[in-house]
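Engineer: Fold the stuff below for me.
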Amino acid sequence: MINQLREVYIKWCNDYNIPNVSADEQDRDKLTYEQKSWLDDFIEQWDNQQEIDRFIYINLKHSTRNKRRGNNENIRNNNIIKNISKSIF
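Structural biologist: Prediction:
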């Protein structure tokens, strides 16, 4: 999604002949009221998307870690069961 937002921003800059610099580095004194409003909305959407991406990354990483931990626990439990079975029989 960030890549799509980047494309939208680049198109907006080109359409309005605005320097293609980081949105938070734009010279707001040279923008119209409408352009400032659009830029504020864009920055808000960018920040929201970064939070979403961060949430997804953290939770997928956490999920993968738990999955690996679960597999290790299963292996450990299977080894314990094998050892118990050997000692019983």
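Engineer: what sits against Asn17?
Structural biologist: Applying C-beta atoms under 8 Å, 6 or more residues apart in numbering, we find Asn17 in contact with no residue. In this view, the C-beta of every residue, glycine as well, is placed from N, C-alpha and C.
Engineer: Need the per-residue pLDDT for it.
Structural biologist: For Asn17, the pLDDT comes out at 96.
Engineer: Pass me the low-pLDDT residue ranges in the protein, would you?
Structural biologist: Scanning the chain for pLDDT under 70 picks out the ranges 63-89.
Engineer: 80 instead, please
Structural biologist: Scanning the chain for pLDDT under 80 picks out the ranges 61-89.
Engineer: so where do the helices sit in the protein?
Structural biologist: Ranges of helices in the chain, per DSSP state H, are 2-15, 33-88.
Engineer: Tell me who's in contact with the nearest residue to Ile10 once chain neighbours are set aside.
Structural biologist: Spatially, and ignoring its direct neighbours in sequence, Ile10 is nearest to Asn20 (6.0 Å; C-beta to C-beta, 6 or more residues apart in numbering). Contacts for Asn20 (C-beta under 8 Å, 6+ apart) come out as 10, 13-14.
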